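Chemist: 3D model of this:
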Amino acid sequence: ATRAGAEAVVHAITAATERDTTNTVLSIDGIGAYDTISRGAMLNALQEVPEANRCSPFVHMFYSQPSTYVWHDNAGRPHTITQAEGGEQGDPLMPALFSLGQKAALQAVQQHLQPGEYLFAFLDDIYTIVPPARVRPVHDLLAHHLFSSAHIQLNSGKTRVWNMARTLPPNLDGLGGGVWVGDRGLPAEAQGLMVLGAPVGTPQYKQQHLQQLRAQHDQLLQRIPELDDLQASWLLLLFCASPRCNYQLRMLSPHDTAHFAAAHDVAVAACFTRLLDTAPLPAPALGTAHLPLHMGGLGLTSAVATACPAYWASWADVLPVLQAQAPQQAAAIHHMLSNPTEATTSIQAATHCAEQLRQLGWEPPDWSQLIDRQAVPDPPPQAPESPTIGGGWQQAAARACHNTHRAAVLQALDSPSQALLESQAGPHASRPFTTIPYNSNSTYPSPIFRVLLLRRLRLPLPLSARYCRCRRALDFLGDHRAACPQSGVLRSR
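Modeler: Numbering: from 1, shown residues only. Sure, this is the predicted structure:
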């Protein structure tokens, strides 16, 4: 699975607003939409889906009658709360049921849209692309049909309207303050809106969002080294903090994310240095840490190196989705991808990324093959041990960058370090660094785990005995201890 559905919304809106600067984005959200949506609308829509209506009896067990909750106040007195609409908290079926429940309302609004106008919805986040004069009529249509069909009331405090031309749509006064975010009087950093977690607006607005995101990411990176368990800290860094920037790299062009990606790499390296309790890592060790685990590295992939394949892969993944859901817009995007001189800024960036991948020795599929699903990404040669970045094209595109980076790292290493890097590459050779400490059998004491990390990067090991059991001197890098048959206990044969 990929995030191509969400990403298709972001790229479609970005391309539309760049192609025609008067195209206006209307973003709306419901008030407690999950808690207020009509259960009848969900159940009736589920019954109309042949592939899914066999689970209707199971769903009716929970949603054909009011739900009862018990709340205890500060004095410990219980209070019964009855809920007859909305979904149960934590129900894994609710995303699908919610989408079905509002489907009729969205289809009714879709019928009123004019040529060149678009409606996108991802759960309760709804966006339209319309001319300025059509913003208020489309807003009122959404408010009417969502409430009458699904009992969803719009949250005026979250409604936002923006266009690149800064053309004020008429009749926005009744929607509340702060709705129009394209006002020339606003700071450039405030002229834009968020679309499914990605900024769409002025370059300054995008950079402002990325700076705020970096500050949020730093909070986690600063807390990770404070844990007492080095193995747990490492796993949080590897699987949570390090790949956290990938979504923004897929949504925004490498030019937009250049400073964000570089700052992310610096922050991850600083966090890793604190975990190792060493001086700043030398360049060869940091280069090895950036390599995937199966290549002998530590899987802390560089965001700077990933930006180009991530952005290209996002466009490659969303093209067939747009072809199925918005064929007219997909055709316009495909035309610009095939004719870069006529393309908008974001689409030109995608074509530039494709050219950079060719220079690295990997030939991306043609855009026509991608939009028609004639090309599919090759499966990885082996099961990935590094943090997965979902399905789709990114793993295939990033493989060329990893190969180039590994060649550069090998060239910078001396012969013993090259031999170590080769010996610790391959499937399952990095299993200690991805093992979850479920119990004592899968848990490494922090001093031992630190030695494993240092040895992986061929950094000086902590002080230990001066001489081996074979009476030879032990080196500070651990090479003799790793090679000498008397340094450990040999398995009996």
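
Chemist: how about the strands in the chain?
Modeler: Using DSSP state E, the strands assigned to the chain run over residues 24-28, 67-72, 78-83, 118-122, 125-130, 160-162, 192-195, 198-201.

Chemist: I'd like the distance between Asp124 and Pro50.
Modeler: From Asp124 across to Pro50, the span is 26 Å (Cβ to Cβ, to the nearest Å). In this view, the C-beta of every residue, glycine as well, is placed from N, C-alpha and C.

Chemist: same check on Ala331?
Modeler: Distance from Ala331 to Pro50, by Cβ to Cβ: 30 Å.

Chemist: which of the strands of the chain is buried the deepest?
Modeler: Comparing the strands of the chain by mean neighbour count (mean count of other Cβ atoms under 10 Å), strand 24-28 ranks first with a mean of 25.

Chemist: what about Ala75, how many neighbours?
Modeler: Neighbour count for Ala75, taken as other Cβ atoms under 10 Å: 5.

Chemist: Ala303 contacts His264, doesn't it?
Modeler: Yes - judged on Cβ atoms under 8 Å, Ala303 makes contact with His264 at a distance of 4.5 Å.

Chemist: name the residues contacting each of these two.
Modeler: Shared contacts of Ala303 and His264, defined by Cβ atoms under 8 Å, 6 or more residues apart in numbering, comprise Cys245.

Chemist: circling back to that earlier point, TSV please, covering the strands of the chain and showing mean pLDDT and distance to Arg373.
Modeler: Putting these into TSV (pLDDT from 0 to 100; distance: least, Cβ to Cβ, whole Å) gives the following:
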stretch	mean pLDDT	distance to Arg373
strand 24-28	97	28
strand 67-72	89	42
strand 78-83	91	43
strand 118-122	94	21
strand 125-130	96	25
strand 160-162	97	33
strand 192-195	96	25
strand 198-201	96	25
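
Chemist: looking at these, spot the one closest to His352.
Modeler: Nearest to His352, of all the strands of the chain, is strand 198-201, at 19.4 Å by Cβ to Cβ.

Chemist: could I get the closest one in PDB with only the CA atoms?
Modeler: The C-alpha trace of strand 198-201 is given here as PDB (Å, rounded to 0.1, in the frame of the first residue of the first chain):
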ATOM      1  CA  ALA A 198       1.300  19.400   3.300                       C
ATOM      2  CA  PRO A 199       1.600  23.200   2.800                       C
ATOM      3  CA  VAL A 200       0.200  24.800  -0.300                       C
ATOM      4  CA  GLY A 201       0.800  28.500  -0.700                       C
END
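
Chemist: distance of the closest residue to Leu454 other than its chain neighbours relative to Thr434?
Modeler: Distances taken as Cβ to Cβ, 6 or more residues apart in numbering put Leu461 closest to Leu454, at 5.6 Å, once the chain neighbours are dropped. According to Cβ to Cβ, Leu461 and Thr434 sit 22 Å apart.

Chemist: then Thr159?
Modeler: 44 Å.

Chemist: next one: Asn23
Modeler: Counting by Cβ to Cβ - Asn23 and Thr434 are separated by 46 Å.

Chemist: neighbour count winner among these two?
Modeler: Set Asn23 next to Thr434 and count neighbours by other Cβ under 10 Å: Asn23 wins out with 21 against 16.

Chemist: name all residues that make contact with the more buried one.
Modeler: The contact partners of Asn23, taken as Cβ under 8 Å, 6+ apart, are 16-17, 129-131, 163-164.

Chemist: with Gln110 instead?
Modeler: By Cβ under 8 Å, 6+ apart, the residues touching Gln110 are Leu119.

Chemist: which of the contacts of Asn23 sit farthest apart?
Modeler: Val130 and Met164 (14.0 Å).

Chemist: okay, now Thr344: neighbour count?
Modeler: Neighbours around Thr344, by other Cβ under 10 Å: 18.

Chemist: not counting its neighbours along the chain, what's nearest it?
Modeler: That would be Glu18: by Cβ to Cβ, 6+ apart, it lies 3.7 Å from Thr344.

Chemist: show me what contacts the one you found?
Modeler: Residues counted as contacts of Glu18 (Cβ under 8 Å, 6+ apart) are 164, 344-347.

Chemist: of the residues you listed, buried ones?
Modeler: Using 16 or more other Cβ atoms under 10 Å as the burial test, the contacts of Glu18 include 164, 344, 346-347 as buried.

Chemist: looking at the residues you listed, spot the one nearest Pro243.
Modeler: Using Cβ to Cβ, the buried ones among the contacts of Glu18 come closest to Pro243 at Ser346, 22.9 Å.

Chemist: how near is the closest residue in space to the closest one that isn't next to it in sequence to Ala258?
Modeler: Using Cβ to Cβ, 6+ apart and skipping the chain neighbours, the partner closest in space to Ser346 is Thr14 (5.1 Å). With the distance defined as Cβ to Cβ, Thr14 ends up 18 Å from Ala258.

Chemist: swap in Gln114?
Modeler: Taking Cβ to Cβ, one finds Gln114 at 39 Å from Ala258.

Chemist: between the two, point out the one with more neighbours.
Modeler: Ala258 (15 against 9).

Chemist: mind listing what that one touches?
Modeler: Ala258 touches 304, 307, counting by Cβ under 8 Å, 6+ apart.

Chemist: check it and give its pLDDT.
Modeler: Turning to Ala258, the model gives it a pLDDT of 97.

Chemist: swap in Gln382?
Modeler: 58.

Chemist: over to Asn74?
Modeler: Asn74 is given a pLDDT of 93.

Chemist: remind me which residues of the protein are low pLDDT?
Modeler: Residue ranges of the chain with pLDDT under 70: 1-3, 380-391, 487-493.

Chemist: centroid residue for it?
Modeler: Residue closest to the average C-alpha location in the chain (Cα atoms, centre = their mean): Tyr247, at 2.9 Å.

Chemist: that one contacts Gly197, correct?
Modeler: Yes - if you go by Cβ under 8 Å, Tyr247 and Gly197 touch, sitting 6.6 Å apart.

Chemist: how many other residues sit next to the residue nearest to Leu454?
Modeler: Residues near Leu461, counting by other Cβ under 10 Å, number 16.

Chemist: same check on Met61?
Modeler: 9.

Chemist: name the nearest residue to Val59, ignoring sequence neighbours.
Modeler: If you skip the residues right next to it in sequence, Val59 has Leu46 as its closest partner in space, 6.3 Å away by Cβ to Cβ, 6+ apart.

Chemist: surely the one you found touches Arg54?
Modeler: No - look at Leu46 against Arg54 with Cβ under 8 Å: they stay out of range, at 10.1 Å.

Chemist: show me which of these two is the more surrounded one.
Modeler: A direct count of neighbours by other Cβ under 10 Å for Leu46 and Arg54 places Leu46 higher, at 20 against 9.

Chemist: identify the residues contacting the more buried one.
Modeler: With Cβ under 8 Å, 6+ apart, Leu46 has these contacts: 52-53, 55-56, 59, 97, 100.
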